[in-house]
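Chemist: Okay, sequence plus prediction incoming.
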Amino acid sequence: MAKVIARVKILPKDIATKPDVILNSISGFKLIKYQVEPIAFGLNAIIADFELDDAEGGTDPLEQALLTNKLISEMEVIGVSNARTKL
Amino acid sequence: MITGASQADAAILVVSAKEGETETALSEGGQAREHAFLLKTLGVNQLIVLINKMDATQPPYSQKRFDEVKNMASDLLKLVGYKVDTLPIIPVSGWTGDNLSEKSTNITWYKGPTLLEALDNLQVPPKPTDKPLRIPIQDVYSITGVGTVPVGRVVTGVMKVGETIIVMPPALKGEVKSIETHHTGVEKAEPGDNIGFNVRGIAKQDVKRGMVLGHPDNPPTVSKEFIAQIFVVFHPTAIAAGYTPVLHAHTAQIATSISEIISKIDPRTGQVVEDHPKTIKTGDAALVRLKPPLTPLCIETYKEFPELGRFALRDSGRTVAAGIVKEITQKA
């Protein structure tokens, strides 16, 4: 099955939680890369690329996993692309 | 593609030049055809058309085949309502890289821009700094030593330190004490800025994702009912009045109900094709009345705030339709 990359913006529940702790708590999805986006007053967003199967339901399983993660407050999908394409 | 298209200023429509694939993509129910109608429905008027897989035509890089596909794509885009003469239509191969960033040595008969040049030629929309302030809330924090910190991206207008702001729908007022972007304090925030700001007079629990912030003299519109023009992207059967998908607009996600299908329309002209149809299906454009049944929603007309007047309707993990708000019929 073809693969797609979903780029998501993740906001932590607690601003003190390190990005790698949050990312390590996400299981079942292959993390390709991430970067930290500084926002304000010590709060950082994580911009992370996950590899997904190009299957029915799209990014829903990933979105559900992130939204039910206790370390994550909010998330949004900011881009989806073929895995061979550089986002 | 759909959620992205609901925020896009420009789009690239890719059509395969490979025998059979072109015909499928451009025919009734074909993906390129649906995407073209969808982009027009959402008001995306800057379009680049790529005729792809030129390496796979018979013979490879055939000008004759390019002209055939270009004519087929042009006919469709004219039907959708695009001014075809102004659109770059570029023969490319994604596989071999022809005409993507550099002029192809295999397609010497083509004298137009490469994809990269066409992207550079797109017009950047002006920053809507002169419009009323609108900041959809992404999240809210309570930070020790700082206080309540909503986070979001400025969509329109300018917010300055010291100003009084209002958060809708709860209509709570507060004073902006400080604004930061990239952990740096700024005196004002403009469209496109990702910011966190400390606001006095509003508690963390009073503000939620999906609410919109503005100035009290021109607050964000809160709607209980509105009329929208939608394009049905995918539905396994048919949509009838009473259908309840989830509406995604800016940072809001809210259950909504299609309370009335007012008319089936021609997306190109807006002309009514059928008055009050019982159902609409994949590929149809329609005017519908939408009613968030539980919570009022901050949303604006596309005409006034294109940035906040587009939305997608989703159901069971799939995007069912995308649309624009034509008229707010009932304010909260």
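Modeler: Done, it's in. Numbers count the residues shown, from 1 in each chain, chains lettered A, B, ... in the order given.

Chemist: and the residue of chain A nearest chain B?
Modeler: Across chain A, the shortest distance to chain B (Cβ to the nearest Cβ) belongs to residue A:40, at 2.7 Å. Using the backbone N, CA and C atoms, a C-beta is placed for each residue, glycine as well.

Chemist: Enumerate every residue touching that residue.
Modeler: Counting by Cβ atoms under 8 Å, 6 or more residues apart in numbering or on different chains, residue A:40 touches B:149, B:151, B:179, B:180, B:181, B:183, B:195, B:196, B:197.

Chemist: From those, keep the buried residues only.
Modeler: The neighbour count (16 or more other Cβ atoms under 10 Å in any protein chain shown) marks B:149, B:151, B:179, B:180, B:181, B:195, B:196, B:197 as buried among the contacts of residue A:40.

Chemist: Mind checking which of the residues you listed are in strands?
Modeler: B:149, B:151, B:179, B:180, B:181, B:195, B:196, B:197 (DSSP state E).

Chemist: For chain A, tell me which of those show up nearby.
Modeler: Applying Cβ under 8 Å from any Cβ of the partner chain to these, one finds that B:149, B:151, B:179, B:180, B:181, B:195, B:196, B:197 fall near chain A.

Chemist: excluding its backbone neighbours, what's nearest residue B:25?
Modeler: Distances taken as Cβ to Cβ, 6 or more residues apart in numbering or on different chains place residue B:32 nearest to residue B:25, at 3.9 Å, with adjacent residues excluded.

Chemist: Hmm, that neighbour is touching residue B:17, no?
Modeler: No. Using Cβ atoms under 8 Å as the test, residue B:32 is too far from residue B:17 to be in contact (11.8 Å).

Chemist: These two: who's more crowded?
Modeler: Per other Cβ atoms under 10 Å in any protein chain shown, whichever of residue B:32 and residue B:17 has more neighbours is residue B:17, with 25 against 22.

Chemist: residue contacts, the more buried one?
Modeler: Applying Cβ under 8 Å, 6+ apart, we find residue B:17 in contact with B:51, B:52, B:53, B:54, B:56, B:57, B:65, B:66, B:69, B:91.

Chemist: out of those, who's nearest chain A?
Modeler: Checking the contacts of residue B:17 against chain A with Cβ to the nearest Cβ, the nearest one is residue B:52 at 12.6 Å.

Chemist: who's that closest one bridged to?
Modeler: Assessed by DSSP bridges, residue B:52 has beta-bridge partners residue B:16.

Chemist: Isn't it up against residue B:15?
Modeler: Yes. Using Cβ under 8 Å, residue B:52 is in contact with residue B:15, at 6.7 Å.

Chemist: Between these two, which is the more surrounded one?
Modeler: When residue B:52 and residue B:15 are compared for neighbours, residue B:15 comes out ahead with 27 against 23, by other Cβ under 10 Å.

Chemist: which residues sit in contact with residue 77?
Modeler: Going with chain A. Neighbours of residue A:77 in contact, by Cβ under 8 Å, 6+ apart: A:6, A:7, A:8, A:59, A:62, A:63, B:3.

Chemist: Hmm, no, I was thinking of chain B.
Modeler: Applying Cβ under 8 Å, 6+ apart, we find residue B:77 in contact with B:13, B:36, B:47, B:49, B:84, B:87.

Chemist: which stretch of helix or strand covers it?
Modeler: Counting by DSSP states H and E, the element that carries residue B:77 is helix B:63-80.

Chemist: Show me what residue of the stretch 1-150 of chain B gets nearest to chain A.
Modeler: Nearest residue of the stretch 1-150 of chain B to chain A (Cβ to the nearest Cβ) works out as residue B:139 at 4.5 Å.

Chemist: Pull the number of nearby residues for that residue.
Modeler: Applying other Cβ under 10 Å, we find 23 residues neighbouring residue B:139.

Chemist: interface residues of the stretch 201-332 of chain B facing chain A?
Modeler: B:209, B:251, B:317, B:318.

Chemist: three-state assignment of the closest residue to the last one other than its chain neighbours?
Modeler: If I follow you right, that is residue B:318. Distances taken as Cβ to Cβ, 6+ apart place residue B:234 nearest to residue B:318, at 5.8 Å, with adjacent residues excluded. Here residue B:234 is recorded as coil under DSSP: H, G, I helix; E, B strand; the rest coil.
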